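S.K.: kindly return the folded structure for what I paste below:
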Amino acid sequence: MKNKLIELIKKGENEKVEFKEKFDRETIETISAFANTSGGVILIGVTDEGKIKGIGIGKKTLEDIANRIKQNTDPKLYPKTELSEIENKKIILVEVNESKSKPVLAFGRAYRRVGKTNQKLSSEEIRKLARETEKFYFDEQICEEASLADIDGEKVKWFIREAKKQRKLEIQEEVSIKETLMRLNLLKREKLTNAAILLFGKNPQKFFPQAEVKCPALKG
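M.R.: Here you go, the predicted model:
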């Protein structure tokens, strides 16, 4: 990890790397920008020029940083924060993944990463980003509160039987529910996706009160 951080610092700031001397409001704005773009890394305790300055660390420093990020982002973010030491100076690594639920706001505003800078999104850009996220990512998003106990195993088995007959799906009924969902790309990082709940949930309305099925009748 130490060598990786040294290499990042040598390369300087870019569209996916930001240096901060201290954790402040702008740090959280950068987190929003990374989450709304393609992710990135923030090194706290490093100057803009790449000089390792270090940062004071207390017993609850990392916890306090995590809480401030959570309290000031919407939807709430939980980026990985890690303490490291270079040249006998402590620095904090904040690793931000691209969010599947965009836009991510910081203090009520949304940002995106352009080169080395964070740019505030206009209201129209925010609406566009929200539409794109809903169109491409909703079914793939993790349903955070759901578990395998919310899946109707009989629905899954019925689907496998019908898919084998009609589409020659190569999954045996004996395969576990978890394995079946994984093969159908309905599990991500060991968690159920929204699509898994909508397709096979015992009570999808528990998670999506607005969910409904519409069946059109076509002539012939």
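S.K.: only C-alpha atoms for contact and neighbour calcs from this point on.
M.R.: Will do.
S.K.: residues in contact with residue 84?
M.R.: Contacts for residue 84 (CA atoms under 8 Å, 6 or more residues apart in numbering) come out as 2, 90-93.
S.K.: the same query, at a cut-off of 6 Å, please.
M.R.: Contacts for residue 84 (CA atoms under 6 Å, 6 or more residues apart in numbering) come out as 90-91.
S.K.: quick check: it is in a helix.
M.R.: No - applying DSSP: H, G, I helix; E, B strand; the rest coil, one finds residue 84 to be strand, outside a helix.
S.K.: number the residues from 18 up from this point.
M.R.: Done: numbering now begins at 18, and the last item shifts to residue 101.
S.K.: is it bridged to anything, and to what?
M.R.: Beta-bridge pairing of residue 101 under DSSP bridges involves residue 108.
S.K.: in what helix or strand does residue 36 lie?
M.R.: Under the criterion DSSP states H and E, the helix or strand holding residue 36 is strand 34-37.
S.K.: check which helices and strands that strand sits against.
M.R.: strand 57-61 (3 or more CA pairs under 6 Å, 6 or more residues apart in numbering; DSSP states H and E).
S.K.: try 10 Å
M.R.: Contacts defined by 3 or more CA pairs under 10 Å, 6 or more residues apart in numbering; DSSP states H and E place strand 34-37 against helix 19-28, helix 42-53, strand 57-61, strand 106-113.
S.K.: now the ones you listed in JSON lines, with mean pLDDT and mean neighbour count?
M.R.: What follows is those, written out as JSON lines (pLDDT from 0 to 100; neighbours: other CA atoms under 10 Å):
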{"stretch": "helix 19-28", "mean pLDDT": "88", "mean neighbour count": "12"}
{"stretch": "helix 42-53", "mean pLDDT": "97", "mean neighbour count": "25"}
{"stretch": "strand 57-61", "mean pLDDT": "96", "mean neighbour count": "24"}
{"stretch": "strand 106-113", "mean pLDDT": "96", "mean neighbour count": "20"}
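S.K.: can I get the ones you listed in CSV with distance to residue 228?
M.R.: Converted to CSV, the helices and strands packed on strand 34-37 look like this (distance: least, CA to CA, whole Å):
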stretch, distance to residue 228
helix 19-28, 45
helix 42-53, 27
strand 57-61, 34
strand 106-113, 31
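S.K.: can you tell which of the ones you listed is closest to residue 127?
M.R.: Closest to residue 127 of the helices and strands packed on strand 34-37 is helix 42-53 (CA to CA; 6.5 Å).
S.K.: now do that closest one and strand 106-113, the angle between them.
M.R.: Helix 42-53 runs at 40 degrees relative to strand 106-113, counting by axes from the mean of the first three to the mean of the last three CA atoms, to 10 degrees.
S.K.: tell me the first helix or strand C-terminal of the helix or strand of the chain with the lowest mean pLDDT.
M.R.: When each helix and strand of the chain is scored by mean pLDDT, DSSP states H and E, helix 140-154 comes last, with a mean of 80. Downstream of helix 140-154, the next assigned helix or strand under DSSP H and E is helix 170-184.
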